[in-house]
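> here is my input, please return the structure:
(one chain, ligands or ions: 1)
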Amino acid sequence: MAIERTLSIIKPDGLKSHVIGKVISRFEEKGLKPVAIRLQQLSQTEAEGFYAVHKARPFFKDLVSFMISGPVVLMVLEGENAVLANREIMGATDPKKADKGTIRADFAKSIDQNTVHGSDSLENAKNEIAYFFRETEIQTYSA
Ligand SMILES: Nc1ncnc2c1ncn2[C@@H]1O[C@H](COP(=O)(O)OP(=O)(O)OP(=O)(O)O)[C@@H](O)[C@H]1O
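So this is what the prediction gives:
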């Protein structure tokens, strides 16, 4: 088992529905430690840059508008197999298809307002963490 870091974002709908604490608890309960946390209003340029891989997708414009519709919580999560573990805790992109007990099944309204983002590979996690955090903003701690 490898200790990894991954980027997690609580999207604007998660803040509007007041589930920041519940979402973070889901991670902590499953052994993913937040080692950096910041509340931030993303600019349009930051959101477009973050989702640049989706630029050609039909939902890109709406995705960017949604991501700047209010502040988000940016987090680095650390733990065993953190990238995959986070994806499992989040559930499928579409909350209607997400397993019961996952964040998206329990808190998300729709595929476009799906409460959380999580890096989908270790390589993307490294890039996404570096997109938002300097190494000095990440503070690790043991049990
Ligand atoms: N068909 C769609 N209609 C509207 N929005 C979509 C659609 N597909 C994806 N999205 C939005 O774009 C985001 C990125 O899509 P992607 O396919 O990378 O999903 P994901 O990896 O599960 O989500 P994320 O990257 O946010 O963790 C999704 O989280 C969702 O908010």
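> give the contact list for I103.
23, 26, 89-91, 115-116 (CB atoms under 8 Å, 6 or more residues apart in numbering). Heads up, the C-betas are built off the backbone N, CA and C, glycines and all.
> would you map the helices across the protein?
If DSSP state H is used as the criterion, the helices of the chain fall at 12-16, 20-29, 44-50, 60-67, 82-90, 103-107, 122-132.
> so which of those comes closest to the ligand?
Nearest to the ligand among the helices of the chain is helix 60-67 (4.7 Å), distances taken as CB to the nearest ligand atom.
> and the spatially closest residue to K109 that is not a sequence neighbour, how many residues sit next to it?
Nearest residue to K109, sequence neighbours excluded (CB to CB, 6 or more residues apart in numbering): D13, at 6.3 Å. Using other CB atoms under 10 Å, D13 has 21 neighbouring residues.
> against V116, how distant is D13?
Using CB to CB, to the nearest Å, D13 is found at 10 Å from V116.
> and for G49?
Relative to V116, G49 is positioned 19 Å away (CB to CB).
> looking at the two, which is more packed in?
When neighbours are counted by other CB under 10 Å, G49 and V116 differ, and V116 comes out ahead with 27 against 12.
> on that earlier part again, could you dump the contacts of I103 into CSV with distance to S142 and pLDDT added?
As requested, the contacts of I103 are exported to CSV (distance: CB to CB, whole Å; pLDDT from 0 to 100):
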residue, distance to S142, pLDDT
V23, 23, 98
R26, 21, 98
I89, 21, 98
M90, 25, 98
G91, 29, 98
T115, 29, 98
V116, 26, 98
